[in-house]
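*Asks:* when you get a sec, could you give me coordinates for this:
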Amino acid sequence: MTQPSQTWKRNKEEIDQLILEFQRTESPEVQTVLVEHYTALVGSLAYKYSKGRDYHEDIRQVGMIGLLGAIRRYDPDAGKSFEAYLIPTVIGEIKRYLRDKTWSVHVPRRIKELWPKVKTVVDELTNRYQRSPKIPEIAQTLEVSEEEVLEAMEMGQGYQALSVDTPIETSSEGSTLTALDVVGTRDRGFELVEQQELLQSVLHVLSDREKEILHWTFVENKTQKDTGEVMGISQMHVSRLQKKAIEKLRSELDKNARLEATNA
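*Replies:* Model (predicted):
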């Protein structure tokens, strides 16, 4: 059995051996060794997305969840290093979190196009009135509905993506990769399976209406307006219920992750 007391300067063969051992035995000691070995890398990836903002710790925790998942799914026989598998896995988890947090998943094109116009008009009206403009004033200037302005303001916040050329330190010896070095699609199927399993495990916290809204907007890819027409409710009501449902799912996933980490 691999001795888990040494956590420094491990080569690919040693890492692969540790991962195989954990996958075979689910040893908490071996998992701890691997987690400690890659904590700095996960922290580095998290910082590149958060830049030290107040949600940095949340992003770091999301990255650690990605690390735990990568340890369980990595296949040494695939031919690439664990770091090359880990980095896009962690980045994927962080991106999903940020997209949920800022409402940039499945944003209709009209809202994406409207958001820059809203920002411009807000600046113009602020200078003109020497105060923050009201929603009706913004809507009237842009000749759109107040609901569309509210939706654009709610959904329009993006996040700062990591450049594919940004060097990422992958070991204590200072070796680096870039995100572009490890981009690939081979593991997409495994990722989708895990996402589906995770989602199924927490759907029980949603009401039937919330499940229906998520089905129309994320499975059928309908806009919030179309979903509202199908369900007989307003677009803003759809937006509020969708946001509430996502927050409930995220809270339940976070709770499960904490329980898993406690029991590990």
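
*Asks:* show me the helices in the stretch 151-264 of the chain, by range?
*Replies:* Using DSSP state H, counting those that start in this stretch, the helices found in the stretch 151-264 of the chain span residues 179-182, 188-202, 208-214, 224-231, 235-263.

*Asks:* could you give the mean pLDDT of the shortest one?
*Replies:* What it means is helix 179-182. The predicted model gives helix 179-182 an average pLDDT of 48.

*Asks:* swap in stretch 143-152?
*Replies:* Averaged across stretch 143-152, pLDDT comes to 82.

*Asks:* output the below-cut-off pLDDT ranges for the chain.
*Replies:* Across the chain, the stretches falling below the confidence threshold (pLDDT under 70) are 1-10, 52-54, 99-109, 154-200, 256-264.

*Asks:* how is it partitioned into domains?
*Replies:* For the chain, the structural domains run 1-102, 188-264, going by automatic domain parsing.

*Asks:* isn't residue 20 right next to residue 76, touching?
*Replies:* Yes - with the criterion set as CB atoms under 8 Å, residue 20 and residue 76 qualify as a contacting pair; they are 6.5 Å apart. Where you see a C-beta, it was placed from the backbone N, CA and C, and this is true even at glycine.

*Asks:* all strands of the chain, in order?
*Replies:* When secondary structure is read from DSSP state E, the chain shows strands at 167-169, 176-178.

*Asks:* now stretch 114-128: buried residues?
*Replies:* Applying a neighbour-count criterion of 16 or more other CB atoms under 10 Å, the buried positions in stretch 114-128 are 114, 115, 118, 121, 122, 125.

*Asks:* give me the residues contacting it.
*Replies:* Contacts of stretch 114-128 with the rest of the structure, by CB atoms under 8 Å, 6 or more residues apart in numbering, involve 132-133, 137-138, 141-142, 144, 148-149, 152-153, 155-156.

*Asks:* could you redo the last one with a cut-off of 7 Å?
*Replies:* 132, 133, 137, 138, 141, 142, 144, 148, 149, 152, 153, 156 (CB atoms under 7 Å, 6 or more residues apart in numbering).

*Asks:* how about stretch 143-153?
*Replies:* 111, 114, 115, 118, 135, 136, 138, 139, 224, 235, 236, 239.

*Asks:* 8 Å instead, please
*Replies:* Applying CB under 8 Å, 6+ apart, the external contacts of stretch 143-153 come out as 110-111, 114-115, 118, 135-136, 138-139, 142, 224, 234-236, 239.

*Asks:* next one: residue 60 from residue 250, what distance?
*Replies:* Counting by CB to CB, to the nearest Å, the gap between residue 60 and residue 250 amounts to 16 Å.

*Asks:* thanks a lot, see you next time.
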